[in-house]
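Undergrad: using only what follows, build the 3D model:
(2 chains)
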Amino acid sequence: MSGIIDGLHRVLELSVVLEKGLRILGGVLHNPTPTAAADVLVAVRAIWDAIEGARVGVLTPAQAHAALDKLLADIAANDKRADTALDQKFPKG
Amino acid sequence: MVTRRCLGVLVVACVATGCGGGIVNRAEKSIRYAYAATTAARDGFVEWDRLHQADLVAGAANRESGEAALAAYRSRRQPVLRAFTAAYTTLAAAAAIVPLVAKGMRPERDLVSLLADAAAAVVEVRTAVDSLKALGGAK
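TA: Numbers count the residues shown, from 1 in each chain, chains lettered A, B, ... in the order given. Prediction:
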């Protein structure tokens, strides 16, 4: 029965990673630019990290907290980037 | 909620049927899988968020409408960020309790419960992200 839990995690993991990889690869097929090619490398790396990371090592609480901090920092950076783009498109005053 | 209950039943059934031996090793592996899934989802969402906000700016007819679109989107994005926060927090808690269970300082049922929470949290992340994307960010 415990295999059900492991299996669930494996399915969840692979479905998320494959969805991401396929989405990026799909985009590349329609837009084969150097940037898109770089995205492929990122996707491949993400897939590898996800599988290899799941296979080895033990997660620490600090790693989980750091992952959350990175999410919040990346989102904040996205917000700032969008605000800056809006400022450039429609300058104040 | 239903998912959480189903996972809880599965985990409790696992213990009840005597498959608790070696639970620490299996728990470590399960936590790692859940972490990998959550982090892959995180990276994908961050990229989608960046592109979506760029689309909102590009589609803005004026500053006011652009600011409104970004503000509305960021408000709708909150459930996704809460889901990620819950997932990572639960995973941290599960990771913290593993060594205590291994040393017999905490009962296995505590770890089992956290594993169910972690699995449900991973599902919730995907649900929240998919819901937001289904709305197209609701431009």
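Undergrad: could you use CA atoms for every contact and neighbour count after this?
TA: Fine.
Undergrad: tell me which stretches of chain B form helices.
TA: For chain B, applying DSSP state H gives helices covering B:2-16, B:23-58, B:63-102, B:108-134.
Undergrad: does any bit of the second one sit next to chain A?
TA: Yes. On the criterion C-alpha under 8 Å from any C-alpha of the partner chain, helix B:23-58 is in touch with chain A at B:26, B:28-44, B:46, B:49-50, B:53-54, B:57.
Undergrad: next one: that helix to chain centre, how far?
TA: 8 Å (C-alpha atoms, centre = their mean, to the nearest Å).
Undergrad: buried ones in that helix?
TA: Buried residues in helix B:23-58, counted by 16 or more other C-alpha atoms under 10 Å in any protein chain shown: B:23-24, B:26-46, B:49-50, B:52-54, B:56-57.
Undergrad: can you check the longest one too?
TA: Judged by neighbour count (16+ other C-alpha under 10 Å), helix B:63-102 contains these buried residues: B:63, B:66-67, B:69-70, B:73-74, B:76-77, B:79-81, B:83-98, B:101.
Undergrad: same for that helix, what does it pack against?
TA: Other helices and strands packing on helix B:63-102, by 3 or more C-alpha pairs under 8 Å, 6 or more residues apart in numbering or on different chains; DSSP states H and E, are helix A:61-89, helix B:23-58, helix B:108-134.
Undergrad: need those in JSON lines (columns: mean pLDDT).
TA: JSON lines is the format used below for the helices and strands packed on helix B:63-102 (pLDDT from 0 to 100):
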{"stretch": "helix A:61-89", "mean pLDDT": "97"}
{"stretch": "helix B:23-58", "mean pLDDT": "91"}
{"stretch": "helix B:108-134", "mean pLDDT": "90"}
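Undergrad: and residue 93, what's its pLDDT?
TA: No chain specified, so I'll use chain A. The model reports A:G93 with a pLDDT of 71.
Undergrad: let me rephrase: I mean chain B.
TA: Note for B:A93: predicted pLDDT of 94.
Undergrad: next one: the one 4 residues further on
TA: Confidence at B:I97, expressed as pLDDT, is 93.
Undergrad: likewise A:G3?
TA: The model reports A:G3 with a pLDDT of 56.
Undergrad: next, the buried residues of stretch B:103-119.
TA: By 16+ other C-alpha under 10 Å, the buried positions in stretch B:103-119 come out as B:E108, B:L111, B:V112, B:S113, B:L114, B:L115, B:A116, B:D117, B:A118, B:A119.
Undergrad: residues contacting the closest residue in space to the first one that isn't next to it in sequence?
TA: Distances taken as C-alpha to C-alpha, 6 or more residues apart in numbering or on different chains put B:V101 closest to B:E108, at 6.0 Å, once the chain neighbours are dropped. Contacts for B:V101 (C-alpha atoms under 8 Å, 6 or more residues apart in numbering or on different chains) come out as B:V24, B:P107, B:E108, B:L111.
Undergrad: what residues does stretch B:51-62 touch?
TA: Residues outside stretch B:51-62 that contact it (C-alpha under 8 Å, 6+ apart) are A:N78, A:D79, A:A82, A:A85, A:L86, A:F90, B:G66, B:A69, B:L70, B:G137, B:K139.
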